[in-house]
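Asks: build me a model:
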Amino acid sequence: MIPDPDKNARVRGVTSIAAMRDAIRDASRKLPPLTAIPRFRTLDRAAFRAQAERGLPFIITGLVGRWPLCAFTPGQLRERFGNVPVRARVGDYIGTAFAPDRAMQDMAMRDYLDLIADWRDGLPPYVGNLEINALNAMCHWPGYFGKMGPPRFWLGPAGTVTPLHCDYDDNIFAQIWGTKRIFLVPPHHDEFLYVREANPVLFGSPFDPERPDFDAYPLARHAAPVECIVEPGDMLYVPAGWYHQVRALTFALSVNRWARAMPFALKDDSSLRRPSP
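Replies: Now for the predicted structure:
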């Protein structure tokens, strides 16, 4: 099949992905400095969009905790969904995070839970960014986005990490079990992060805000990461283009969805909007 170079732009309703990336960075330069991630009680669609259009991340509480999946325990997950196939990231999946391929291992959910139960040494295997259709019905997503990609699940013990990167799509990230530490960095600080393109809507950085190495990455001194902790029942909104790094502090299950539309922060930029066919 011949690749469709225009597909990403068409799906998001924009004239060009490159132009969208530039517009996100330009809009980010006008944002006020962020020192803490604000938290809001359950937001309806209109309130969510009004807040999201500011272009800053925030946390919503009082919503995710009502989902049926939150009432499950790891033991119940193993018992009910033990035969569900999963794919785990293994080996140095941090160092190869943005490579064209990385080491993966296919197994049943039961076998994965058994594998990590006694994990003691090194980077633990991580079920990350995986569609698990059997769990979808137990997650009741709000209608914040008009069009969304499929739910993606993230399951693993303390120590699993998704290194610093950005997605050029608005993102809602729901914490089901456990606690995660997340660092967020504004889009225009990519000039300090030594970023590389993995694909047109995904850029990665080798800089680790948890263990900053300013000798190797001196420009990173000018970046302004903001740390937050997401707890069970939290939903974090990550605007398109914001760099983020995620570490599980405990055994954790999360699920996210990306919008497939013009980012909220660019709603007033009519020059980017793709004409209707």
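Asks: how many other residues sit next to the nearest residue to residue 21 once chain neighbours are set aside?
Replies: Distances taken as Cβ to Cβ, 6 or more residues apart in numbering place residue 168 nearest to residue 21, at 5.7 Å, with adjacent residues excluded. (Each C-beta comes from the backbone N, C-alpha and C, glycine too.) By other Cβ atoms under 10 Å, 22 other residues sit near residue 168.
Asks: does residue 168 touch residue 17 like I think?
Replies: Yes - Residue 168 lies in contact with residue 17 (Cβ atoms under 8 Å); the separation is 6.9 Å.
Asks: so what sits against both of the two?
Replies: Counting by Cβ atoms under 8 Å, 6 or more residues apart in numbering, the shared contacts of residue 168 and residue 17 are 200-201.
Asks: I'd guess residue 128 is in a strand, am I close?
Replies: Yes - under DSSP: H, G, I helix; E, B strand; the rest coil, residue 128 sits within a strand.
Asks: tell me the contacts of it?
Replies: Residue 128 touches 89, 93, 154-156, 160, 162, counting by Cβ under 8 Å, 6+ apart.
Asks: and the gap between it and residue 77?
Replies: 16 Å (Cβ to Cβ, to the nearest Å).
Asks: partners of residue 180 in the sheet?
Replies: residue 230, residue 248 (DSSP bridges).
Asks: how about the contacts made by it?
Replies: By Cβ under 8 Å, 6+ apart, the neighbours of residue 180 are 229-230, 246-249, 252, 254.
Asks: for the spatially closest residue to residue 55 that is not a sequence neighbour, phi and psi?
Replies: The spatially closest residue to residue 55, leaving aside those adjacent along the chain, is residue 265, at 3.5 Å (Cβ to Cβ, 6+ apart). Phi and psi for residue 265, reported as degrees, to the nearest 10, are phi -60, psi -10.
Asks: check residue 267 and give its pLDDT.
Replies: Turning to residue 267, the model gives it a pLDDT of 88.
Asks: confirm for me that it is in contact with residue 54.
Replies: No - between residue 267 and residue 54 there is no contact under Cβ under 8 Å: 10.8 Å.
Asks: contact partners of the helix ranked longest in the chain?
Replies: If you go by DSSP state H, the chain has its longest helix at helix 17-28. Residues outside helix 17-28 that contact it (Cβ under 8 Å, 6+ apart) are 8-9, 12, 14, 55, 168, 186-188, 190, 200-201, 240-241, 262-263, 265-266, 269, 272.
Asks: repeat that with 7 Å
Replies: Outside helix 17-28, the residues that touch it by Cβ atoms under 7 Å, 6 or more residues apart in numbering are 8-9, 14, 55, 168, 186-188, 190, 200-201, 240-241, 263, 265-266, 269, 272.
Asks: tell me the contacts of the residue nearest to residue 104 when sequence neighbours are not counted?
Replies: Of all residues beyond its chain neighbours, the one nearest residue 104 is residue 87 (5.2 Å), with distances taken as Cβ to Cβ, 6+ apart. Going by Cβ under 7 Å, 6+ apart, residue 87 touches 104, 106, 130.
Asks: which strand or helix spans residue 87?
Replies: strand 85-89 (DSSP states H and E).
Asks: and the next helix or strand past that strand?
Replies: Past strand 85-89, the next helix or strand by DSSP H and E is strand 104-108.
Asks: show me what that following strand packs onto, helices and strands only.
Replies: Here strand 104-108 touches strand 85-89, going by 3 or more Cβ pairs under 7 Å, 6 or more residues apart in numbering; DSSP states H and E.
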